[in-house]
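>>> got a structure for you, letters missing:
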């Protein structure tokens, strides 16, 4: 069995993508905190939770893309100097 190694750029992208705020656990923490602050708005908070999960994932993925692109641009500029 061969070992597969990741490039530095791939590890940076994966780190940013996995450490975002769009996970189900993060949405659960958000809902628990918001419901404890405003228990009468439980229905509204529950409706917003799915959109918050999707938007959190999108923000994390965009951050990963920008980090991967900036790492790639930095390496290219270092190679040409």
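Looks like it arrived, so ask away. Bear in mind that the values here come from a model prediction, so they are computed numbers and not experimental data.
>>> every contact and neighbour count from this point should use C-alpha atoms.
OK.
>>> where in the protein is pLDDT low?
The chain contains residues with pLDDT under 70 at 1-3, 21-22, 72-81.
>>> ok, residue 67 touching residue 10?
No - counting by Cα atoms under 8 Å, residue 67 does not reach residue 10; the two are 10.2 Å apart.
>>> the more surrounded of these two?
A count of neighbours by other Cα atoms under 10 Å puts residue 67 above the other of residue 67 and residue 10, at 16 against 12.
>>> residues touching the more buried one, list them.
12-13, 16 (Cα atoms under 8 Å, 6 or more residues apart in numbering).
>>> buried residues, the helix or strand in which residue 68 is found. List them.
Using DSSP states H and E, residue 68 sits within helix 42-80. Neighbour counts over helix 42-80 (16 or more other Cα atoms under 10 Å) mark 45-46, 49, 52-53, 56-61, 63-65, 67-68, 71 as buried.
>>> residue contacts, the closest residue in space to residue 16 that isn't next to it in sequence?
In this structure, residue 16 finds its nearest non-sequential neighbour in residue 64, 4.9 Å apart by Cα to Cα, 6 or more residues apart in numbering. Neighbouring residues of residue 64 by Cα under 8 Å, 6+ apart: 12-17.
>>> now, which of those residues sits nearest residue 27?
residue 17 (16.0 Å; Cα to Cα).
>>> tally of neighbours for the closest one?
Neighbours of residue 17 using other Cα under 10 Å come to 20.
>>> packing partners of the strand or helix carrying it?
Remark: residue 17 resides in helix 8-18, with elements defined by DSSP H and E. Packing partners of helix 8-18 (3 or more Cα pairs under 8 Å, 6 or more residues apart in numbering; DSSP states H and E): helix 42-80.
>>> quick one: the closest residue to residue 24 other than its chain neighbours from residue 7, how far?
Using Cα to Cα, 6+ apart and skipping the chain neighbours, the partner closest in space to residue 24 is residue 53 (7.0 Å). As judged by Cα to Cα, to the nearest Å, residue 53 and residue 7 stand 29 Å apart.
>>> okay then, goodbye and thanks.
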